[in-house]
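Novice: Here is my input; please provide its structure:
(chains A and B)
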Amino acid sequence: MHITEGVAPASVAAAGALLTAGGVAMGLRAMKDEQIPRAALMSAAIFAASLVIRLPLGPSSVHPVLNGLAGLLLGWAAVPAFLVALFLEALLFQFGGITTLGLNTITMAAPAVVCYAIFNRPLRRCRQKNTAFLLGMAAGVTALLLSFALWAAVLVLSGKSLIVIVKLALIPHLAITAMEGLFTGFVVSFLFKVYPGVFDLPLTREGGVAP
Amino acid sequence: MRTGSDLNKLTFVIVCAMGLPAFCVGHGVKHSVFSAGTGIEATYDNGRPMAFCDVVVVSPANPDNEYQSGITDPAGRFAFVPDTNGVWKVTVDDGMGHLVTADVQTGPNKQVSDGVDTGMNRFAGGMIGVSVIFGLFGLYSLVRFHPRRTGRASSPSEPRTTQKSMEKNSGGPTCTSPKA
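Specialist: Purely as a prediction, here's the structure:
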């Protein structure tokens, strides 16, 4: 789901970079001191998952994005976590690119923030492990589908054919979406059991937990 | 009734019409076989070929306009015949966010530059990446917790919190071990 160098026109890349800059500012502002190690861990997990797990589906390959899980665990802090992971992927392995770093970050991190807004509160209120699993799975699926939609929108804005994108990329991405949904559900239900307070995220650094 | 003069005109026209195909040989085609040319092979990072992807070739003589375009074959290969020496730019685009631009050097002896593998070894790169991530966030913590930033200056006059003082304040040891 990476957009490589030269694919997007300068205006689209610049818009992505601006949105990412805003998201990173929000993320650093919302990140509590205790959340920094968690953000580092999540960023490392995102980076490692894209390297280790690559399924040969479609013309290229697909890999887990973990943006649903990142959104539930980090909230706005998912944006800087994705920025760091994607920067290193571009630098070390040429996945994506430096000029399209903003676009790739916003494509993957924006759905994480949306999932945080939708699923974090129900997750903190739920009392059953099975409900936590379902909420986690829904977050994983929603985040990846939103990422696919954003990625396709960026490519269409860059002059690519929507029909070709849907024809060649939708099936592989649906497969990885189902797998990631299950994985996120299992991780969330496990964390719900052993450390339920992990989902209490602050809105801002100084502020309390979101209502 | 036609006169002899009319017949002569008619004969002249027919003879001219019969000779017309001699000026229309431009519609004929012929071919020859040659083995010259330059090609590239485009693959994804996992080794799979970039098959049936759009290719655009730009000549060093006219960088603003495309020299040739086409699609790769099932093995991700594309060949063209350069008509001048220099660095040719060959761009392969799969239309789904993956694009690679190769600089193909052609010289007097038609040599082509070797392909460059820019990717790093997965394990080594992964270890470096994870280390850098933790390092960056650690550095961010260092900047954020810096005394000048937080206002928690550690001056010599300020009493330092020790294990003993914590025990004194709390009325006992902070960590208790189970009795044997």
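Novice: In chain A, where is pLDDT below threshold?
Specialist: Segments of chain A classed as low confidence (criterion: pLDDT under 70) are A:58-60, A:202-211.
Novice: The same query, at a cut-off of 90, please.
Specialist: A:1-13, A:29-37, A:48-65, A:75, A:88-100, A:120-130, A:151-177, A:192-211 (pLDDT under 90).
Novice: Please name every helix or strand in contact with the lengthiest helix in it.
Specialist: Secondary structure assigned by DSSP state H gives helix A:162-194 as the longest helix of chain A. The elements that helix A:162-194 packs onto, with contact taken as 3 or more Cβ pairs under 8 Å, 6 or more residues apart in numbering or on different chains; DSSP states H and E, are helix A:67-74, helix A:129-157. To be clear about C-beta, it is placed using only N, CA and C from the backbone, and glycine gets the same treatment.
Novice: I'd like to check the angle between that helix and helix A:129-157, please.
Specialist: If you take axes from the mean of the first three to the mean of the last three Cα atoms, to 10 degrees, helix A:162-194 sits at 150 degrees to helix A:129-157.
Novice: tally of neighbours for A:P56?
Specialist: 13 (other Cβ atoms under 10 Å in any protein chain shown).
Novice: Whichever residue of chain A sits closest to chain B: how many residues sit nearby?
Specialist: Closest residue of chain A to chain B, Cβ to the nearest Cβ: A:A40 (3.5 Å). As a burial measure, A:A40 scores 21 neighbours (other Cβ under 10 Å).
Novice: now B:G39
Specialist: B:G39 has 14 neighbours, counted by other Cβ under 10 Å.
Novice: Adjacent strands (with direction) for the helix or strand containing it?
Specialist: When secondary structure is defined using DSSP states H and E, the element that contains B:G39 is strand B:38-41. Taking DSSP bridges as the criterion, strand B:38-41 forms sheet pairs with strand B:77-80 (antiparallel).
Novice: The helix or strand hosting B:L139 and chain A, are they touching?
Specialist: Secondary structure assignment for B:L139, by DSSP H and E: helix B:122-144. Yes. Residues of helix B:122-144 contacting chain A under Cβ under 8 Å from any Cβ of the partner chain: B:122, B:125-126, B:128-130, B:132-134, B:136-138, B:140-141, B:144.
Novice: Now do the same contact list for A:I98.
Specialist: Taking Cβ atoms under 8 Å, 6 or more residues apart in numbering or on different chains, we find A:I98 in contact with A:E5, A:F87, A:A90, A:L91.
Novice: where does chain B have its least confident helix or strand?
Specialist: Per-element confidence for chain B was summarised using mean pLDDT, DSSP states H and E. The lowest value among helices and strands belongs to helix B:163-170, with a mean of 50.
Novice: A:V52: what's it in contact with?
Specialist: Counting by Cβ under 8 Å, 6+ apart, A:V52 touches B:G126.
Novice: So B:G138 sits against A:A44, correct?
Specialist: No. Look at B:G138 against A:A44 with Cβ atoms under 8 Å: they stay out of range, at 11.9 Å.
Novice: neighbours around B:A102, how many?
Specialist: When counting by other Cβ under 10 Å, one arrives at 18 neighbours for B:A102.
Novice: so it is in which element?
Specialist: Taking DSSP H and E as the criterion, B:A102 maps to strand B:99-106.
Novice: That strand: which residues count as buried?
Specialist: The neighbour-count check on strand B:99-106 (16 or more other Cβ atoms under 10 Å in any protein chain shown) flags B:L99, B:V100, B:A102, B:V104, B:T106 as buried.
Novice: Out of the contacts of A:I98, the closest to B:K9 would be?
Specialist: Of all these, B:K9 sits closest to A:E5, with 72.3 Å by Cβ to Cβ.
Novice: which SS state does the closest one fall under?
Specialist: Classification of A:E5 using DSSP: H, G, I helix; E, B strand; the rest coil returns coil.
Novice: Against A:D200, how distant is whatever residue of chain B ends up closest to chain A?
Specialist: Each residue of chain B has a distance to chain A, by Cβ to the nearest Cβ, and the smallest belongs to B:F137, at 3.5 Å. Relative to A:D200, B:F137 is positioned 21 Å away (criterion: Cβ to Cβ, to the nearest Å).
Novice: Those two: which is more packed in?
Specialist: A side-by-side neighbour count of B:F137 and A:D200, using other Cβ under 10 Å, places B:F137 first with 22 against 12.
Novice: Show the pLDDT at B:R152.
Specialist: We have a pLDDT of 57 for B:R152.
Novice: Between B:G138 and A:A44, point out the one with more neighbours.
Specialist: Under the neighbour definition other Cβ under 10 Å, B:G138 and A:A44 were set side by side, and A:A44 has more, 22 against 13.
Novice: Surely that one is in contact with B:F134?
Specialist: Yes. Applying Cβ under 8 Å as the test, A:A44 and B:F134 come out as touching, 6.6 Å apart.
Novice: mind checking how far the residue nearest the centre of chain A is from B:G95?
Specialist: Geometric centre of chain A, nearest residue: A:N67, 2.5 Å, by Cα atoms, centre = their mean. When Cβ to Cβ is applied, the distance between A:N67 and B:G95 equals 24 Å.
Novice: and the next helix or strand after the strand holding B:G39, what other elements does it pack with?
Specialist: Proceeding C-terminally, strand B:38-41 gives way to strand B:54-58 as the next helix or strand, assigned by DSSP H and E. Of the remaining helices and strands, those touching strand B:54-58 by 3+ Cβ pairs under 8 Å, 6+ apart are strand B:66-71, strand B:86-93.
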